[in-house]
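Participant: quick one, structure for this:
(chains A and B)
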Amino acid sequence: MSKISEAEVRAEVRQWLAANWDPDMSLVQWRGKLADSGWGMPQWPQAWYGRGLSHALARVVEEEFANVGAVGVAKSGVRMLAAATLLEHGSDLQKKQLLRRILTGEDTWCQFFSEPGSGSDLAGATTRADLKGDFWIINGQKVWTTSAHHADHGLLLARTDWDAPKHEGLSYFVIDVKQPGVDVQQLKQMNGHASFNQVFFTDAKVPKENLVGRVGEGWKVAVTTLAHERRGADGLPAPAKSGTRVGKIHAEERAETEKANQPYKWYPQRAGRVDLIIDRATETGAHKDPYLRQEIAKLMILAKSAEWTARRARAAQQQGRPQGPEGSLGKLAASHVARACSRVHTLITGTQAMLTGRESPREGIIAEILVSVPAVSIAGGTDEIQRNIIAERVLDLPKEPRFDTGPFRNVRKN
Amino acid sequence: MATAEGYDPAVWRQLSEDLALPGIHVPEQYGGAGFGMVELCIVTEELGRALLCAPYFSTAVLAANAIMNSGTETQKSALLPDIAEGARLATLAVTEPDGNWDPTGIAVVATPDADGYRLNGAKSYVVDGHVADLLIVAARAPKTSGGEGLALFTLDANTGGVKRRLLESMDPTRKIARIDFHSAHAKLLGSLEDGAKPILRTLDQAAIALANEMMGGAQALLESAVKYAKLRVQFGRTIGSFQAVKHKLADMLLEVELAKSAAYYAAQAAAAEDPEWPALASLAKAAASETYLHTAAECIQIHGGIGFTWDNDTHLWFKRAKSSEVFLGQPSYHRELLMQRWGV
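Facilitator: Next up is the predicted model:
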């Protein structure tokens, strides 16, 4: 890539948008155009739907898109994790077959990592893949799979060697979800929603060429996926940029976002809804109680401090400085905030905290907070795992003693 | 620390002459370095980290800010250069023997006379009150109460009618004194019209500087605990390899970083005169108070038996944490103030 200036990028993307952007195109048609031009993912390599631009210049492109209200490529859900993993470890054939349809939004993806027997300990997966002729035969169970019920492809971590040590016996595959051996069932949560699935594999088939990376190197590939997942929070779809704009393409984008957001309607409640605290205190009169004033102030201090800590982390990142410890603390801090919110919402709500649904204050939102908050300290790495990570990586304390070395066959499992 | 003065004059000279720290936030026209709240807080954070025993908080944070907030042009020109140079120690006396940090409760009376004012009453918990050369005293006009009639007054500590007594205090690293005024002659600092405003402003700035100082101390304690957890061996392994200890340390780090963010944010807001900054001063002070003391207690816990001995320095930080927790108002006081300032 030759050195290209910000002004040159700006001029070029403006010109391209002026010639091509049309809000009355179909979403897929437009995104196909975007993918082929390289303007959809300008930071990707030139050979694969990108332009090899730096992240800073890619932001410039994004700005130009925003200026004219142009829709971007599909980015929601697991698809960007899949794309990043394939770009790094996939074969040319895989990239050719899969990347473009990721960007156009034609294919939806999901991630088959967690299992009932391995949550925090992902590398302890026991779903098996056995090679028979030209196919890998998959048997086992995955869980906490978002969007599996409408996904086309899954990123699958499965065990291919039981005699190798835990991390060395895994392989990574792209599996076709819509096949007879894959049974997707909704998983109902304690808050009544069903945002995830459990998926049973019974002699499901994966063609040999769908192996990503080499046999036995699945963990290495999974680490790439997980790193991107951590960087991009939990793959939640971004709110539609279309807003109230008119045009076929905007309507399609709004519908797409709404569908993708559906399973996450309770997520704000999961985080504790600190934004409601002061209003609730005032509307219930709780703000006159000196004890509650103290408890509310404690919560607000915690929440504000967490917000400013996240800002410090972002500021360090934006200035290109290495993040300090504040960067690794967000998840644990969010967990504390959520629990404190749940506690204070209960204090404010009093006896009414026994009610749910329409009987509960704020049309059930308060009740939903109380039964959704327990997810925060578990999903995406439990608080205990976060503390281990912080202690070992930030404070450089000794690692946990291991009891899972040697052939995986002999390691104690659930 | 071990002397009656409570600090090492040689170190104070170095800090003043070589580093010009007492005047870091004082405008250049008054002999200072011309920086602001953010830089002042960087200094207090480092002093807190080192647990330096020096009359910095009294002279630079309390007195210099009080003069800058309240003094007339002439008074600032007369008083600030000596303070910025470290040549004259000064302090601010607000609280009285009842320990109330709310200026509306002030009872010391300033009665006007021919050439100034006569002070009567008692101040207590006055930081470095036993060594300060210049006293700045919050007092009220006769027959006033609450927020009415409050103002700041200055007097030389050796003025007749001033009786100073070093208090026996838990924290040996920051000395406090009781000061009795018996018709002591004082001058008005600034004007009577400003009332309690400059007092509150000074206390809020001090709360932010103290919050940052406390974060320096908490950071030092956290590092000390981590270091010890990597060294100390029990049951054939370093105690830092036990999850009970690792997780405690991770929680300490989280708590310290959260409170640091509040302290930094408040300093920035005060420097920018963000209208919300007095509320943030209370927020940062409450957060820092809880965090510093908790970190100190946990640091002792991780040290085990040795942490409870006089030979191990942890107790000095613990005592500074304890005195700082209530100095300028305890956490519950500031939480209530925060709610009021947020209009709840």
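Participant: show me the contact partners of stretch B:104-122.
Facilitator: B:94, B:96-98, B:123, B:137-142, B:146-147, B:150-151, B:153, B:155, B:161, B:178-188, B:196 (Cβ atoms under 8 Å, 6 or more residues apart in numbering or on different chains). From N, CA and C alone the C-beta is placed, and that goes for glycine too.
Participant: which residue ranges of the chain form strands?
Facilitator: In the absence of a named chain, this looks at chain A. A:109-112, A:128-132, A:135-146, A:153-159, A:170-176, A:182-187, A:196-207, A:211-212 (DSSP state E).
Participant: think we crossed wires, I meant chain B
Facilitator: Under DSSP E, chain B gives strands at B:90-93, B:109-113, B:116-127, B:134-140, B:150-156, B:162-166, B:176-189, B:233-234, B:237-238.
Participant: winner for burial among the ones you listed?
Facilitator: strand B:90-93 (a mean of 29; mean count of other Cβ atoms under 10 Å in any protein chain shown).
Participant: which other residues reach stretch A:349-362?
Facilitator: Under Cβ under 8 Å, 6+ apart, the answer for stretch A:349-362 is A:Leu276, A:Arg280, A:Thr284, A:His345, A:Thr346, A:Gly364, A:Ile366, A:Ala367, A:Glu368, A:Leu370, A:Val371.
Participant: and B:Pro275, how many neighbours does it have?
Facilitator: Residues near B:Pro275, counting by other Cβ atoms under 10 Å in any protein chain shown, number 8.
Participant: and it, how far is that from chain A?
Facilitator: 16 Å (Cβ to the nearest Cβ, to the nearest Å).
Participant: give me the pLDDT for that residue.
Facilitator: If you check B:Pro275, the pLDDT there is 97.
Participant: ditto for A:His89
Facilitator: At A:His89, pLDDT is 98.
Participant: now A:Val246
Facilitator: Note for A:Val246: predicted pLDDT of 80.
Participant: since we're on the closest residue to it other than its chain neighbours, how many residues are nearby?
Facilitator: Sequence neighbours aside, A:Pro23 is the residue nearest to A:Val246 in space, at 7.4 Å (criterion: Cβ to Cβ, 6 or more residues apart in numbering or on different chains). A:Pro23 has 18 neighbours, counted by other Cβ under 10 Å.
Participant: before we move on, what about B:Gln243?
Facilitator: 14.
Participant: wait, doesn't it sit right on A:Asn388?
Facilitator: Yes - with contact defined as Cβ atoms under 8 Å, B:Gln243 reaches A:Asn388; the gap is 7.3 Å.
Participant: what about the residue of the stretch 1-150 of chain A found nearest chain B, how many neighbours?
Facilitator: Nearest residue of the stretch 1-150 of chain A to chain B: A:Ser120, at 12.9 Å (Cβ to the nearest Cβ). By the criterion of other Cβ under 10 Å, A:Ser120 has 12 neighbours.
Participant: so who does it touch?
Facilitator: Applying Cβ under 8 Å, 6+ apart, the residues contacting A:Ser120 are A:Gly381, A:Thr382, A:Glu384, A:Ile385.
Participant: filter those residues by proximity to chain B?
Facilitator: Contacts with chain B within the contacts of A:Ser120, counted by Cβ under 8 Å from any Cβ of the partner chain: A:Glu384.
Participant: among the contacts of A:Ser120, which two are most distant?
Facilitator: Largest separation among these by Cβ to Cβ: A:Gly381 and A:Glu384, giving 9.0 Å.
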